[in-house]
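Chemist: Turn this into a structure:
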Amino acid sequence: MGGWASQDVSFTGGATEANAWALRAVQHSARPEVVVSAVEHPSVLAWATRVVPVDSEGRIQLDALVDALDDRVGII
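Modeler: This is a model prediction of the structure:
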């Protein structure tokens with residue numbers, strides 16, 4: 001399967017489960033902060049520790065993103 005060993009591949013029942021699985025791993029790491037945009041799916045927002053606002057067209061406000069970043073961020 002694409003060069004991956006079978007023990008390295010996981011299947012989930014859907015996107016919500018997959019998001020929780022991945023983001024839970026980040027929050028239990030040395031860099032636990034999860035930065036997301038304000039328009040993410042609720043299953044992603046549930047794990048967010050920092051939410052970056054968007055403009056009226058749904059574009060991330062880059063200055064707010066820069067402000068949200070530091071050495072504790074594990075995933076954006």
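Chemist: Quick one: list the elements packing against the longest helix seen in the chain.
Modeler: Looking across the chain with DSSP state H, the single longest helix is helix 15-27. Helices and strands touching helix 15-27, as assessed by 3 or more Cβ pairs under 8 Å, 6 or more residues apart in numbering; DSSP states H and E, comprise strand 33-37, helix 42-45, strand 73-75. C-beta here means a position set from N, CA and C on the backbone, and glycine is covered the same way.
Chemist: just so I know, which of the ones you listed lies nearest residue 6?
Modeler: Nearest of these to residue 6, taken as Cβ to Cβ: strand 73-75 at 25.3 Å.
Chemist: Quick one: low-confidence residue ranges for this protein.
Modeler: Across the chain, residues meeting the criterion (pLDDT under 70) sit at 1.
Chemist: hmm, back to that, residues of the longest helix of the chain that come out buried?
Modeler: 19, 23, 26 (16 or more other Cβ atoms under 10 Å).
Chemist: quick one, what contacts the second one?
Modeler: Just to be clear, that refers to residue 23. By Cβ atoms under 8 Å, 6 or more residues apart in numbering, residue 23 lies in contact with 34, 44, 47, 75.
Chemist: most neighbours, which of those residues?
Modeler: Counting neighbours by other Cβ atoms under 10 Å, residue 34 leads the contacts of residue 23 with 23 neighbours.
Chemist: Present the helices and strands packed on helix 15-27 as JSON lines; the columns should include distance to residue 3.
Modeler: Conversion of the helices and strands packed on helix 15-27 to JSON lines gives the following (distance: least, Cβ to Cβ, whole Å):
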{"stretch": "strand 33-37", "distance to residue 3": "29"}
{"stretch": "helix 42-45", "distance to residue 3": "28"}
{"stretch": "strand 73-75", "distance to residue 3": "24"}
